Structures are given as structure tokens and as C-alpha cells.
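[1] I would like to see how this sequence folds:
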Amino acid sequence: MADIYEIAAEVKEALAEGRAVVALESTLVAQGLPWPANLETAQGAEAAVRAAGATPATIAVVAGRIRVGLSALELEHLARAGTFLKAGRRDLSQAVARRLDAATTVSATLWIARGQGIGVMATGGLGGVHREAATTFDVSNDLDELARADGALVVCSGIKSILDMPATLDALETRGVPVVGYQTSELPAFLTRSSGLALEARVESADEAAALVHAHRALRLPAAVILTQPVPEADALDAGAMDDALASALAEARHQRISGKAVTPFLLDRIRQATEGRGLRANQALILANARLAGDVAVALAASEDFHHGKHGQHGTKSK
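    The predicted model follows:
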């Protein structure tokens, strides 16, 4: 089944030499942001990783082949096509067997990245427990994949504020997933800077974050480490405006009976409209900031660890 995977030459070379690599998920490009902002953001995220001294590896499925690292033309196709399946981990076999194009969520990106020895990834906001999950049972597969992604580091801006953030934070604690604040002691709320939920662990620098991840790996503790960074202050949404926009978007989603995978992109699109583009700017800014931070931590990890010739965890994560 080796022909299922296609690893970009620069990614393969970086891994072989033990240099820093950062995985980037692709649903934020295919479904999360509108054209052409999605392409600009994807290009900017890759540039931010490179500026940190690491190699970016945007992950997607193209015509049934799992791609780890995309060319400029492939990245544009991902952003422009509008036909990519939104694929979590459970959807990968279908995408491969049917030779589909698919953009990978956090759960699918983590699974693929770890299998190829990439232990650091960046995203925007995490999935989790949806509001009204007590009756709908709508809980993102991201949570279970984070719980099994032993030794991985995921850099994000907290939990998407369209979700039940307290319940999601509790679910992560139950699964033993450490959530660490980057220069903050409160959980960031995606497009706004704080959720009001306290975090028990905090680091002040990329080196401190790398030391924490190194200790997590050395102890062979299960689960990924989540490093949460608030959206840049200049681009953050006002909490009141966000609450108003979200309440309206949720009411419309219920009225239209939007469910499943369609909920998140629908709500984010309505929030962008309600905030007259400020939500889009905040989303773009946090994605770029997270990519840069992931690159910085990946470089610090590569300098302090040599996992390249060994395997870590049940799924074979090899750190850079």
C-alpha cells in the first residue's frame, strides 16, 4: 500500500536529516475560509513555518493518494476547487478507495502526520463537544485522536467558540490531554482572546514549550500536547460582537436543520458575514501566528531531540 502515500521531496529530505517539519491541516483551506482568502492564508501559513526555519507539510488527499506536502498548483487547486470532501480519520479509507479529493481535519491530519514521523502540527481552532451534544451526541473525532496521538504537539488558538468550550475542556482532561497556554493562563476562544476558562499549565517561550513536549515524550505519556495561543490582540473580535453573531448563527442553523460536518463551516461563514469581515481577518491572523509558533517549537525540538531513528507511541510517531 506504499503507493497510497506521496511525500513531497523537501519533506522527505527534512525528515531524513532530522530537521523540523510542521504538518498543516487542509480543511481550513477547502472548507474553513472563502476564496481567495483561503489560498492567501494557506500560502502565508507555509511561509510562516519556513520563516521559523522549519519545513511545512500541508496534508490532503488528491485523487485517492495521501499527499504530505503540496506544490503551489496543488495548494491552489485545494483552495479553488470547492469539491474536496471534508475528511476526518474515519473518512480516509473511503477517500483512498474511491480515489477522491479530500481535505483533512485535525484528526485525519494527526493520523497521517504521525505515521510519517511528523510530530508537530498547526491549526486554527480545535473541534470538540458541540452545543446541545447532550441530545445530539455531536462530538468531534478530534478529541479521540488527540487522546491517542502520543507525543504529538498541536498548536492552535484554543477551541472553536461555536462549541461548548467548558465541556470540551473537561473532555480533554478526562482523556488525559494536556492543554498548555502560550503566554496565557486562560483558554483562548478562537476568534476572541479568552474564554474565561483557566488553564493549569503555561509556558512563556518556544524553548519552554519544547522542553515540556520533550518531557512528555521522554515519559512516554499518552496523548498529544495542545499548545494554545490567543489570536493576536489587534485582530481579535470583541467578545460581545462574537456572542451576538454566534447566537444569530446558531438560531439560523437550527432553523435550516444544519447538522454533522456542515455545522462548523456554516456557523463560521455566518459569523464572518455578521462581523463584516472582522471574523475572517481574525481567523487568518491566528492561523498565521499558530504556524509560526509551531515552526519555532518544532525547530527547538529538533535541536534538543533525535527521535528520527526511533519510534514513539503505538502508531509510530518519530519526532524530528
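
[2] switch to C-alpha atoms for all contacts and neighbour counts from now on
    OK.

[3] Low-confidence ranges, this protein, go.
    1-2, 261, 306-320 (pLDDT under 70).

[4] Show me which helix runs longest in it.
    helix 278-304 (DSSP state H).

[5] Quick check: which helices or strands does that one pack against?
    Counting contacts by 3 or more C-alpha pairs under 8 Å, 6 or more residues apart in numbering; DSSP states H and E, helix 278-304 packs against strand 21-24, helix 37-51, strand 120-122, strand 153-156, helix 206-218, helix 263-274.

[6] phi, psi of the residue lying farthest from the centre of the chain?
    Most distant residue from the mean C-alpha position of the chain: residue 255, 29.2 Å away (C-alpha atoms, centre = their mean). Dihedral angles of residue 255 (phi, psi; degrees, to the nearest 10) stand at phi -60, psi -40.

[7] Mind checking the helices and strands packed on helix 278-304 for the one nearest to residue 297?
    helix 206-218 (4.9 Å; C-alpha to C-alpha).

[8] Give me the buried positions along that closest one.
    206, 207, 209, 210, 211, 212, 213, 214, 216, 217 (16 or more other C-alpha atoms under 10 Å).

[9] re the thing from before, tell me who's in contact with the residue farthest from the centre of the chain.
    By C-alpha atoms under 8 Å, 6 or more residues apart in numbering, the contact set of residue 255 is empty.

[10] switch the cut-off to 10 Å
    Neighbouring residues of residue 255 by C-alpha atoms under 10 Å, 6 or more residues apart in numbering: residue 249.

[11] again with residue 254
    Counting by C-alpha under 10 Å, 6+ apart, residue 254 has contacts residue 263.

[12] Distance of it relative to residue 137?
    Distance from residue 254 to residue 137, counting by C-alpha to C-alpha, to the nearest Å: 15 Å.

[13] Quick check: residue 220 is in a helix.
    No - applying DSSP: H, G, I helix; E, B strand; the rest coil, one finds residue 220 to be coil, outside a helix.

[14] Use 25 as the first number from now on
    All right, first residue 25 from here; so that's residue 244.

[15] list the contacts for the nearest residue to residue 208 once chain neighbours are set aside?
    Once flanking residues are discounted, residue 208 sits nearest to residue 226: 6.5 Å by C-alpha to C-alpha, 6 or more residues apart in numbering. Contacts for residue 226 were tallied using C-alpha under 10 Å, 6+ apart; they are 203-210, 232-233, 236, 251-252.

[16] Which stretches in the chain count as strands?
    Ranges of strands in the chain, per DSSP state E, are 29-31, 45-48, 79-86, 89-92, 109-111, 126-128, 144-146, 177-180, 203-206, 225-227, 249-252.

[17] Just the C-alpha atoms of the last one, please, in CSV.
    Output for strand 249-252, consisting of C-alpha atoms alone and laid out as CSV, is shown next (Å, rounded to 0.1, in the frame of the first residue of the first chain):
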residue,chain,number,x,y,z
VAL,A,249,0.1,18.1,23.9
ILE,A,250,-2.1,21.1,23.0
LEU,A,251,-0.3,24.5,22.9
THR,A,252,-2.9,27.3,22.8
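
[18] list the helices and strands that strand packs on?
    strand 144-146, helix 166-172, strand 177-180, strand 203-206, strand 225-227, helix 230-242, helix 302-328 (3 or more C-alpha pairs under 10 Å, 6 or more residues apart in numbering; DSSP states H and E).

[19] Can you lay out these as JSON lines showing distance to residue 61?
    Converted to JSON lines, the helices and strands packed on strand 249-252 look like this (distance: least, C-alpha to C-alpha, whole Å):
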{"stretch": "strand 144-146", "distance to residue 61": "18"}
{"stretch": "helix 166-172", "distance to residue 61": "25"}
{"stretch": "strand 177-180", "distance to residue 61": "19"}
{"stretch": "strand 203-206", "distance to residue 61": "26"}
{"stretch": "strand 225-227", "distance to residue 61": "31"}
{"stretch": "helix 230-242", "distance to residue 61": "28"}
{"stretch": "helix 302-328", "distance to residue 61": "8"}
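
[20] just so I know, which of those lies nearest residue 272?
    helix 302-328 (14.5 Å).

[21] buried ones in the closest one?
    Buried residues in helix 302-328 (16+ other C-alpha under 10 Å): 302-326.
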